[in-house]
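**Q** Next comes the sequence, and after it the predicted model I'd like to discuss.
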Amino acid sequence: MANFVSRGFMRRRHTPEELADRLPPGQYFERGFPVLTAGPTPRVDTESWTFRVDGMVGAQRQWSWDELHQLPFENVPCDIHCVTKWSKLGTSFRGVPVDTLLEGVDPMGAYTMAYSYGGYTTNVPLADLTGGKAWLVTEHEGDPLPREHGGPARLLVPHLYFWKSAKWVAGLRVMDHDEPGFWEENGYHMRGDPWKEERYWND
Amino acid sequence: MERLTPVEIRAPGDWQIATVTEVKVETPRVKSFRFEVPMWMEHLPGQHYDVRLTAPDGYRAQRSYSIASSPLDVGQIELTIDLLDDGEVSPYFHEVVEVGDQVELRGPFTSYFVWRGEEPVLLVGGGSGVVPLVAMLRHRRRTMPELDMRLVYSVRYAGDVIYADELGGDAAVTLTYTREAPEGWSGHSGHVDAELLRAPAAGARLAFVCGSNGFVETASGLLLELGMDPGAIRTERFGPTS
């Protein structure tokens, strides 16, 4: 298929030149922030909100909303890439590094399942969550994270397709084996690296 | 029932070159394209295909489109494409593509927003969000026309109804016009609300809601208020597929 050309097709969308090399293959530049959710939007109030790290760990941890805010937050400038083909470049979030949340937890497996209020799950290898690559975020571009975008808190793993950045996240379960989460069971890739275009099962 | 559950979940095929065999103008802004697909694979109603366009300089654009046809159309699929003015792929389909053209396709994809024959089933579509729901409607008509399926379909103007010639008769269709109804219209007008959804939602085991994010948010919220379980409401929201 390498030589196939679509009769009469020409580029119509233009990515600003300085951003062009930040757009992974098959993605297009989007200024907005579209909402994609597989079901009604859950309502999670911060009074009863908790975030847990559990599963195969030496010590389980749990934070309330107030306890989370005792931890050091940082700004996270990043690009995000949705498997439905849009990319939002140069956006920012604010939250706690997953590295901080894993301190003293002693994970005994190399895989995790992020799980959310509302029942969503997504699997992420532990190595993709550590080393300054993932955050639990509560703000987007200076405002509290809107509910439709996963508020009060979502996982942020910007180097993977955005379905891995679980909205309304409630915890991380450490596992000794990889297991498909919600979209991974329904046809999407187990890891989801946008630069390798790992969209679907056989990519 | 067997014919309603045609495939096991399996990995979709690779990119392939399909040929356009039919172009149907549904409304001034919506066209349906039927393709002959050489490595065709049976889909489930609700699934989508990816389309990839390549320019002479190698530039490529990809988008996802819902399948409108029944999997009983062996070797074929129909994609219905809404024209978005600032888009890249939809204007190409509307302005350039004609019968005989070749298009790179890949699919079918994802097994969440799919109907496997559950009943009673409620379909709620806004605008071109009706496309995957019509695949369900068409498949029901050809397999189990007595199955309890209800469609609530919201459009803006009289001329916006896609598949208008297929919506009469069998499944219970409730149409509402949010901006301007056709002359002499005695049915519903205005946005989808609890009153409109109450009867179609009564006893529904599963609901499929598809449209813009605002539409889906409103309609799924109303279904929750009417007592449907969140797990029984499957949604598909339009990204900016353009």
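**A** In hand now; what should we look at?

**Q** Ignoring the adjacent residues along the chain, who's closest to the residue lying farthest from the centre of chain B?
**A** For chain B, the largest distance from the centre (Cα atoms, centre = their mean) belongs to B:Asp57, which lies 32.9 Å off. Using Cβ to Cβ, 6 or more residues apart in numbering or on different chains and skipping residues adjacent in sequence, the residue nearest B:Asp57 is A:Arg11, 7.6 Å away. (Each C-beta comes from the backbone N, C-alpha and C, glycine too.)

**Q** so the residue farthest from the centre of chain B sits in a strand?
**A** No: B:Asp57: not assigned to a strand; according to DSSP: H, G, I helix; E, B strand; the rest coil it is coil.

**Q** how close does it sit to B:Glu26?
**A** B:Asp57 sits 32 Å away from B:Glu26, going by Cβ to Cβ, to the nearest Å.

**Q** go on, A:Gly90?
**A** 38 Å.

**Q** Look at these two and report which has more neighbours.
**A** Ranked by neighbour count (other Cβ atoms under 10 Å in any protein chain shown), A:Gly90 and B:Glu26 place B:Glu26 first, with 20 against 12.

**Q** those helices in chain A, which residues are they?
**A** In chain A, the segments counted as helices under DSSP state H are A:65-68, A:98-101, A:182-185.

**Q** just checking, what packs against the last one?
**A** This points to helix A:182-185. Here helix A:182-185 touches strand A:121-125, going by 3 or more Cβ pairs under 8 Å, 6 or more residues apart in numbering or on different chains; DSSP states H and E.

**Q** Tell me the buried residues in the strand it packs on?
**A** For strand A:121-125, burial by neighbour count (16 or more other Cβ atoms under 10 Å in any protein chain shown) applies to A:121-124.

**Q** Now name the helix or strand holding B:Val152.
**A** Assessed by DSSP states H and E, B:Val152 sits inside strand B:149-157.

**Q** Give the pairing partners of the next helix or strand after that strand; include direction for each.
**A** As assigned by DSSP H and E, the chain's next helix or strand after strand B:149-157 is strand B:172-180. Paired neighbours of strand B:172-180 in the sheet (DSSP bridges): strand B:149-157 (parallel), strand B:188-189 (parallel).

**Q** okay, those strands, which one's buried deepest?
**A** Most buried of the strands paired with strand B:172-180, by mean neighbour count (mean count of other Cβ atoms under 10 Å in any protein chain shown): strand B:149-157, with a mean of 22.

**Q** pLDDT of that one, averaged?
**A** The pLDDT scores in strand B:149-157 average 96.

**Q** Other residues contacting it?
**A** With contact meaning Cβ atoms under 8 Å, 6 or more residues apart in numbering or on different chains, strand B:149-157 is reached by B:119-127, B:130, B:133, B:136-137, B:140, B:161, B:167, B:171-180, B:191-192, B:196-197, B:200, B:204, B:211, B:215, B:219.

**Q** Could you chop chain B up by domain?
**A** B:2-109, B:121-237 (automatic domain parsing).

**Q** Which SSE is immediately downstream of the helix or strand hosting B:Leu223?
**A** Assigned by DSSP H and E, B:Leu223 belongs to helix B:213-225. Later in the chain than helix B:213-225, the nearest helix or strand by DSSP H and E is strand B:233-237.

**Q** centre of the chain versus stretch B:112-124, how much separation?
**A** Taking Cα atoms, centre = their mean, to the nearest Å, the mean C-alpha location of stretch B:112-124 is offset from the chain mean by 12 Å.

**Q** end-to-end on it?
**A** 16 Å (Cα to Cα, to the nearest Å).

**Q** tell me the contacts of the residue positioned nearest the centre of chain A?
**A** When Cα atoms, centre = their mean is applied to chain A, the residue found nearest the centroid is A:Ser165 (1.4 Å). Contacts for A:Ser165 (Cβ under 8 Å, 6+ apart) come out as A:80, A:150, A:154-158.

**Q** Return the member of these nearest to A:Glu184.
**A** For the contacts of A:Ser165, the closest approach to A:Glu184 (Cβ to Cβ) belongs to A:Val157, at 13.8 Å.

**Q** The closest one against A:Lys164, yeah?
**A** Yes: if you go by Cβ atoms under 8 Å, A:Val157 and A:Lys164 touch, sitting 4.8 Å apart.

**Q** what about these two, which has more around it?
**A** Under the criterion of other Cβ under 10 Å, the comparison of A:Val157 against A:Lys164 puts A:Lys164 first, with 27 against 24.

**Q** Could you pull up the residues touching that one?
**A** By Cβ under 8 Å, 6+ apart, the neighbours of A:Lys164 are A:114, A:122, A:124, A:128, A:155, A:157, A:192.

**Q** The last one and A:Pro180 touch, don't they?
**A** No: counting by Cβ under 8 Å, A:Pro180 is not a contact partner of A:Gly192; they are 11.5 Å apart.

**Q** Please identify which of those two sits among more neighbours.
**A** Higher neighbour count among A:Gly192 and A:Pro180: A:Gly192, with 27 against 17, using other Cβ under 10 Å.

**Q** Not counting sequence-adjacent ones, nearest residue to that one?
**A** In space, A:Gly192 is closest to A:Tyr161, 4.0 Å off (Cβ to Cβ, 6+ apart).

**Q** Now do A:Glu185: how many residues are near it, please.
**A** A total of 14 residues lie near A:Glu185 under the criterion other Cβ under 10 Å.

**Q** Dig out what residue 173 forms beta bridges with.
**A** Picked chain A for this. A:Arg173 has these beta-bridge partners by DSSP bridges: A:Asp54, A:Met113.

**Q** um, chain B though
**A** For B:Val173, the beta-bridge partners under DSSP bridges are B:Leu151.

**Q** And the pLDDT for it?
**A** 92.

**Q** That one: neighbour count?
**A** 18.

**Q** now it: how far from A:Pro158?
**A** Counting by Cβ to Cβ, the gap from B:Val173 to A:Pro158 is 43 Å.

**Q** try A:Val124
**A** Counting by Cβ to Cβ, the gap from A:Val124 to A:Pro158 is 12 Å.

**Q** so is the residue nearest the centre of chain B in a helix, a strand, or just coil?
**A** Closest to where the C-alpha atoms of chain B average out (Cα atoms, centre = their mean) is B:Val131, at 1.7 Å. The three-state label given to B:Val131 by three-state DSSP is helix.

**Q** now chain A, which segments are flagged as low pLDDT?
**A** For chain A, the stretches with pLDDT under 70 are A:1-2.

**Q** A:Asp45: how many residues sit nearby?
**A** When neighbours are counted by other Cβ under 10 Å, A:Asp45 registers 8.

**Q** Show me what A:Tyr28 bridges to in the sheet.
**A** Bridge pairing for A:Tyr28 - DSSP bridges - gives A:Trp86.
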